[in-house]
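A.B. asks: Mind folding the following:
(one chain, ligands or ions: 2)
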Amino acid sequence: MMAFLTLLARNRLAAFGAIVLALLLLLVLITPWLPLLDPDVTQPANRLRPPFSPDHLLGTDALGRDILSRLLWGTRISLAVGIAASLVAALVGSLIGIVAGYFGGRTDNLMMRGIDMLMAFPYILLALAIVAVLGPGLMNALYAIAIVNIPFFARNIRGVTVGIAHREFIDAARLSGKGNLRILTSELLPNVLPVIVITMSTTVGWMILETAGLSFLGLGAQPPQADLGSMLGEGRKMMLNAPHVAMLPGLVIFILVMSINLLGDGIRDALDPRLKSGALSRPAPITRIRRQPGHADSQDGPDDNALLTVDELHTDFEVGEQTYRAVNGVSFAIRPNECLGLVGESGSGKSVTALSLLGLVASPPGVITRGRVSLAKRDLLGLSAGQLRKIRGKDVAYVFQDPLSTLHPLIRVGDQLIEAIQLHQPLSKVEARKLAVELLGQVRIPNPAQRADQYPHELSGGMRQRVGIAMALANDPQLIIADEPTTALDVTVQAQILALIQNLRDTQGTAVLFITHDFGVVSQVCDRVAVMYAGRIVEIGSTAEILDTPRHPYTRRLIDCVPRLGEPDNEPAAIPGLPPAANALPEGCAFADRCDLVEPACRRGDIELIATDADRRVRCIKPLGIADPTTQGVTT
Ligand code: ADP
Ligand code: MG
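C.D. replies: Ligands and ions are numbered 1, 2, ... in the order given. Got it, this is the predicted structure:
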């Protein structure tokens, strides 16, 4: 609630609307106690006095009634009718929407066809027809406005409900034995309530206008009672000789509706989490780069044989006042045909590192603040969006963690492959299809020709991931980045996928950046491994050596997390504690708080990545198994 209010207050226009509306509300609430003249008493002798006359601050109307008094009482009525109408419409409309959306089938059909019938008429005509049947009067105008706005709520809320009604947490509630009523009130309602509030806040202004419209036509408030619409209607006849009689209520309607709409928009923005995180601010096509001039190169000389070199890469997320250092100086190189594992706990910055390489981190909030990425000696971070697009999916391909959410659910897998092929290769549809089927066969999907004509939901999880890998292979990439490609799969399928990747490396010579949190997987596929912690590499070297003699306490703990076959006594041990928050990284070693070998020196200054053996580096002042790193260290 506090967060909501702060967000609302930060939106200047909404805050302005809120203040104006609050003032108006306060005024009409205290109206009965203000020293005002009776709004309905006529004084023919005093007719059409201009504003600022004695006794009549805003003048009088054609019957000599005090306009200030009538305005305040009229605003009171207009507001009350508008708000009451939107409450009724929201209540009835949402109820219809929720019931139709939740129960579906015939209930849905019946209710929605009724709503469709209401919507078949232009709503202001419908409102007029309803008032004509019920007879003119304020209450009847209220009913009419409420009824014509019901479809608006019903349709909106039904749409949201349908989206939620089939989600797993509803199934879970049903499985736990809850009845429909309990599910509707405790599971569904809290999820649609923000939408109801948003819809209401954006329609109240409309309803006030519509009520004023009916009164203007003489179908709402009846004389002598005043509301803003009827005052406007009466003033219309003397627009030329006494313009203030019509202009004052017009001005109040304008201010009232404007302040409500400004506030309503603000409420919508503050309540919708997607708008909050900037879903509407279109992200830039490539990650923003703001490299300070003259940054220091990493300690390594360039590796001339490397396919991909990443040098001191820094990627931050700038959210409000906070800076989250997701990637904090990462350097590594991958040679052709080599598989480098990137290992670390969830949140250590593996995905952001991989996404940064191709400028795929969303900006805002992501910014690359330092570093260099070169692919075959070409600086990737200096490229334009167009140039990068030619590399994405062609020279460097990406395999994502969740194969279901990366495939388009409404397009056949074959067509998705064909699209990926034709983006980078000048092939005809027939040739591309032939290649697509070939690729599906290459990733060992049985009956590839038939499978190509199926939709993603008709394939199993393992098969979908194979399609993802086939898509990555489509344009013979030099490098495949696989971000936890087997985490969503069970162990047997995982083993098949790993074997497949191994096979592709052997036959096509592709280099692989393999991201995982599992040392068990690393040992099966990676030649070298880089261990990440809190946005930095804490140890890097060949897989066999690191598994055999981990130098960093964190690496040792990670390896201990893997259960070993045939050693039932060797219980996998979890690492106690949590990694530091990316917006409040401690000085010194980020792992110090969780390390059982910590000493005061660990918390001072910057801990460098030092070479301990040939081609091995560790970011620790007392690497395991080495007495004094300064004398034993081998520099390459
Ligand atoms: P993982 O190693 O599990 O792949 P990530 O690379 O996804 O971790 O995330 C690294 C860090 O960056 C985490 O601390 C995460 O909270 C932060 N982060 C990722 N995306 C965003 C974002 N859009 N806004 C702010 N912080 C983010
Ligand atoms: Mg990740």
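A.B. asks: make it CA atoms for all contacts and neighbour counts henceforth
C.D. replies: Noted.
A.B. asks: burial of A376, as a residue count?
C.D. replies: Counted by other Cα atoms under 10 Å, the residues lying close to A376 total 17.
A.B. asks: any idea how far it lies from ligand 1?
C.D. replies: Distance of A376 to ligand 1, given as Cα to the nearest ligand atom, to the nearest Å: 24 Å.
A.B. asks: what's the pLDDT at that residue?
C.D. replies: A376 is assigned a predicted lDDT (pLDDT) of 86.
A.B. asks: Chain neighbours aside, what residue packs nearest to it?
C.D. replies: For A376, ignoring the flanking residues on the chain, the nearest one in space by Cα to Cα, 6 or more residues apart in numbering is L307 at 4.9 Å.
A.B. asks: The one you found is in contact with A333, isn't it?
C.D. replies: Yes - if you go by Cα atoms under 8 Å, L307 and A333 touch, sitting 7.4 Å apart.
A.B. asks: Show the contacting residues for the residue nearest to A376.
C.D. replies: Contact analysis of L307 by Cα atoms under 8 Å, 6 or more residues apart in numbering lists A333, I334, R335, P336, S374, L375, A376, K377.
A.B. asks: can we see that at 7 Å?
C.D. replies: Counting by Cα atoms under 7 Å, 6 or more residues apart in numbering, L307 touches I334, R335, P336, L375, A376.
A.B. asks: Kindly report the same for V618.
C.D. replies: Contacts of V618 (Cα under 7 Å, 6+ apart): V538, E539, I540, R551, H552, L609, I610, A611, T612.
A.B. asks: Spit out the contact partners of the closest residue to it other than its chain neighbours.
C.D. replies: Leaving aside its sequence neighbours, V618 sits nearest to E539 (Cα to Cα, 6+ apart; 4.3 Å). Going by Cα under 7 Å, 6+ apart, E539 touches A530, V531, H552, R617, V618, R619.
A.B. asks: Quick check: pLDDT value at the last one.
C.D. replies: pLDDT, R619: 91.
A.B. asks: Neighbours of it, how many?
C.D. replies: Neighbours of R619 using other Cα under 10 Å come to 21.
A.B. asks: circling back to that earlier point, looking at the contacts of E539, spot the one nearest D269.
C.D. replies: The closest of these to D269 turns out to be V531 (Cα to Cα; 40.3 Å).
A.B. asks: Assign the closest one to helix, strand or coil.
C.D. replies: For V531, the secondary-structure state derived from DSSP: H, G, I helix; E, B strand; the rest coil is strand.
A.B. asks: Could you give the bridge partners of it?
C.D. replies: Here V531 sits in beta bridges with V343, E539, going by DSSP bridges.
A.B. asks: ok, it to E312 distance?
C.D. replies: Using Cα to Cα, to the nearest Å, V531 is found at 15 Å from E312.
A.B. asks: Doesn't A611 lie inside a strand?
C.D. replies: Yes - membership of A611 in a strand is supported by three-state DSSP.
A.B. asks: so it makes contact with R617?
C.D. replies: Yes - counting by Cα atoms under 7 Å, A611 touches R617, with 4.3 Å between them.
A.B. asks: Looking at the two, which one has more neighbours?
C.D. replies: Taking neighbours as other Cα under 10 Å, A611 and R617 compare with R617 leading, 24 against 21.
A.B. asks: Direction included, what does the helix or strand hosting that one pair up with?
C.D. replies: Taking DSSP states H and E as the definition, one finds R617 inside strand 616-618. Each strand paired with strand 616-618, and its direction, by DSSP bridges: strand 536-542 (antiparallel), strand 610-613 (antiparallel).
A.B. asks: And the contacts of the helix or strand containing V521?
C.D. replies: Here V521 sits within helix 519-525, counting by DSSP H and E. The contact list for helix 519-525 (Cα under 7 Å, 6+ apart) reads G341, L498, Q502, T543, I559, V562.
A.B. asks: Pick out the one among those residues with the largest number of neighbours.
C.D. replies: G341 leads the contacts of helix 519-525 on contacts (other Cα under 10 Å) with 29 neighbours.
A.B. asks: Please tell me how far G382 sits from ligand 1.
C.D. replies: 22 Å.
A.B. asks: my bad, should have said L142
C.D. replies: 46 Å.
A.B. asks: and that residue, what does it touch?
C.D. replies: Contacts of L142 by Cα under 7 Å, 6+ apart are V81, A85.
A.B. asks: From R528, how far off is it?
C.D. replies: 73 Å.
A.B. asks: Count the residues that sit near whichever residue of the stretch 451-600 of the chain sits closest to ligand 1.
C.D. replies: For the stretch 451-600 of the chain, the residue closest to ligand 1 is A582, as judged by Cα to the nearest ligand atom, at 5.0 Å. Burial of A582 is recorded as 21 neighbouring residues (other Cα under 10 Å).
A.B. asks: what do you get for A270?
C.D. replies: Neighbours of A270 using other Cα under 10 Å come to 22.
A.B. asks: Now the helix or strand encompassing L26: buried residues?
C.D. replies: Using DSSP H and E, L26 falls within helix 12-30. Using 16 or more other Cα atoms under 10 Å as the test for burial, helix 12-30 gives L13, A14, A15, G17, A18, V20, L21, L24, L25, L27, V28.
A.B. asks: what separates the fourth one from ligand 1, distance-wise?
C.D. replies: So the one you mean is G17. 30 Å.
A.B. asks: tell me the contacts of that residue?
C.D. replies: So G17 contacts S259, I260, L262, L263 (Cα under 7 Å, 6+ apart).
A.B. asks: switch the cut-off to 8 Å
C.D. replies: When contacts are counted by Cα under 8 Å, 6+ apart, G17 touches M258, S259, I260, N261, L262, L263.
A.B. asks: And for the first one?
C.D. replies: Contact criterion Cα under 8 Å, 6+ apart gives L262, L263, G266 as the residues in contact with L13.
A.B. asks: Quick check: pLDDT value at it.
C.D. replies: 86.
A.B. asks: Mind pulling the model confidence for the residue nearest to V618?
C.D. replies: Taking E539 on its own, its pLDDT is 93.
A.B. asks: for the stretch 101-250 of the chain, what spans make up the helices?
C.D. replies: Secondary structure of the stretch 101-250 of the chain (DSSP state H, counting those that start in this stretch): helices at 105-119, 123-134, 138-165, 168-175, 180-182, 189-216, 228-235, 244-271.
A.B. asks: Quick check: residues of the stretch 501-636 of the chain near ligand 1?
C.D. replies: Those residues of the stretch 501-636 of the chain that sit near ligand 1, judged by Cα under 6 Å from any ligand atom, are A582.
A.B. asks: low-confidence ranges in the stretch 301-450 of the chain?
C.D. replies: 301-303 (pLDDT under 70).
A.B. asks: same thing but 80
C.D. replies: Along the stretch 301-450 of the chain, the parts satisfying pLDDT under 80 run over 301-304, 320-321, 363-364, 402-405.
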